[in-house]
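Student: Any chance you could fold what I've pasted below:
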Amino acid sequence: MAVLFPLLAVLIWAANTVVSKAAAGVFDPAAISFYRWLVAAVVLTPLLARPLWRRRAELRPHLPQLAVLSLLGMVMYQCLAYYAAHSTSATNMGVICALIPLLGLLLNGVVFRQRIAPAAMLGVALSLAGVLYLLGHGNPASLLAGGINHGDALMLIGSASYALYGILYKRWAPPFGQWLNLYSQVLLAVAMLTPLAASADSLAIPAAGIALVLFAGIASSILAAYFWMRGLQQLGSERTAIFMNLLPLFTALIASLTLGETIHAYHWLGGGLILLGVSLTQGGLAPLWRRWRPAAQSA
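Tutor: Next comes the predicted model:
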């Protein structure tokens, strides 16, 4: 069935959020950030190196744009998620990811001066209330005394960088097709992450970390992208994008089953307010991530 393709993609991306949390006890964040994209590059190179080389002359003028996209979507977003995992829960990370469409709307309004409709402003207010409720663990006033958890703050910054990535990806629309666009950004990410990897306390891959690296580098970076593109082809962009609404729920459930994380009432209420607000910003019942998410790139 066609619906299985986007469903599998979202399930993999949710599982990868849990993998990021699990990796916090195994890897230096700089190390797994590097290995994730290195594995993806190794797997994609036999398939895409020649097509990319044949189009190198066309690619050269687009390199600055592709480098910015790689920096925002693969280096900053992913690195900050791995660092955030050291001090926040996978459940929180999944719920905060639901803010990306809202952050994209705000960035479009502030940076590109796009008008924000009244319904969208209501959505912003609801989502902000949900964020404060979530980050305050059901008591938003506590944020005034204790501030935001370090990991939650990093995840918010990473989500903002990915929101900007989505905006720029659509505005620039690199003309090389999804796979070559993905592959070129992966190669650039490996190059940019090499100095960070050199700063890691250890680059060793323990036995417990092999499966985590392979999942992040192959399942999340490549297989999920393939399933998502198949969904786009068979269902269309709007019907496919609806499945992204399941990401926070899948993340919370997987984290509960595999990491023993407790899903509290503030997760349901805060996450629900965020998703309701995002729905309003996207035009009522329109797919939540329709306007910002590139067709094949993942969290």
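Student: For the closest residue to residue 149 other than its chain neighbours, which three-state class applies?
Tutor: Nearest in space to residue 149, with sequence neighbours left out and distances taken as C-beta to C-beta, 6 or more residues apart in numbering, is residue 88 at 5.6 Å. (Each C-beta comes from the backbone N, C-alpha and C, glycine too.) Judged by DSSP: H, G, I helix; E, B strand; the rest coil, the three-state class of residue 88 is coil.
Student: Mind picking out the helix or strand in this protein with the poorest mean pLDDT?
Tutor: helix 237-241 (a mean of 62; mean pLDDT, DSSP states H and E).
Student: what's in contact with the helix or strand that that one is followed by?
Tutor: Once the chain leaves helix 237-241, the next helix or strand it forms, by DSSP states H and E, is helix 247-258. For helix 247-258, contacts defined as C-beta atoms under 8 Å, 6 or more residues apart in numbering pick out 10-11, 13-15, 17-18, 21-22, 89-91, 93-95, 97-98, 261-263, 267, 271, 274-275.
Student: just the buried members of these?
Tutor: Among those, those buried by neighbour count (16 or more other C-beta atoms under 10 Å) are 10-11, 13-15, 17-18, 21-22, 89-91, 93-95, 97-98, 261, 267, 271, 274-275.
Student: Show only the entries of these found in helices.
Tutor: The members of these that map onto helices under DSSP state H are 10-11, 13-15, 17-18, 21-22, 90-91, 93-95, 97, 267, 271, 274-275.
Student: With just CA atoms, put the host helix or strand of residue 225 into CSV.
Tutor: Using DSSP H and E, residue 225 maps to helix 224-235. The C-alpha trace of helix 224-235 is given here as CSV (Å, rounded to 0.1, in the frame of the first residue of the first chain):
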residue,chain,number,x,y,z
ALA,A,224,13.7,7.3,5.0
ALA,A,225,14.5,9.7,2.2
TYR,A,226,13.7,6.9,-0.3
PHE,A,227,10.4,6.0,1.4
TRP,A,228,9.4,9.7,1.6
MET,A,229,10.1,10.3,-2.1
ARG,A,230,8.0,7.1,-3.0
GLY,A,231,5.2,8.5,-0.9
LEU,A,232,5.4,11.8,-2.8
GLN,A,233,5.3,10.0,-6.1
GLN,A,234,2.3,7.8,-5.3
LEU,A,235,0.2,10.0,-2.9
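Student: could you say what helices and strands that helix packs with?
Tutor: helix 4-23, helix 177-198, helix 237-241 (3 or more C-beta pairs under 8 Å, 6 or more residues apart in numbering; DSSP states H and E).
Student: Show me the shaky parts of this protein.
Tutor: 143-147, 237-242, 245, 278, 281-299 (pLDDT under 70).
Student: just checking, what packs against the top helix by length along it?
Tutor: The residue-count maximum for a helix in the chain (DSSP H) belongs to helix 29-54. Counting contacts by 3+ C-beta pairs under 8 Å, 6+ apart, helix 29-54 packs against helix 77-84, helix 177-198, helix 207-214.
Student: deepest of those helices, which one?
Tutor: Counting by mean count of other C-beta atoms under 10 Å, helix 77-84 has the highest mean neighbour count of the helices and strands packed on helix 29-54, with a mean of 25.
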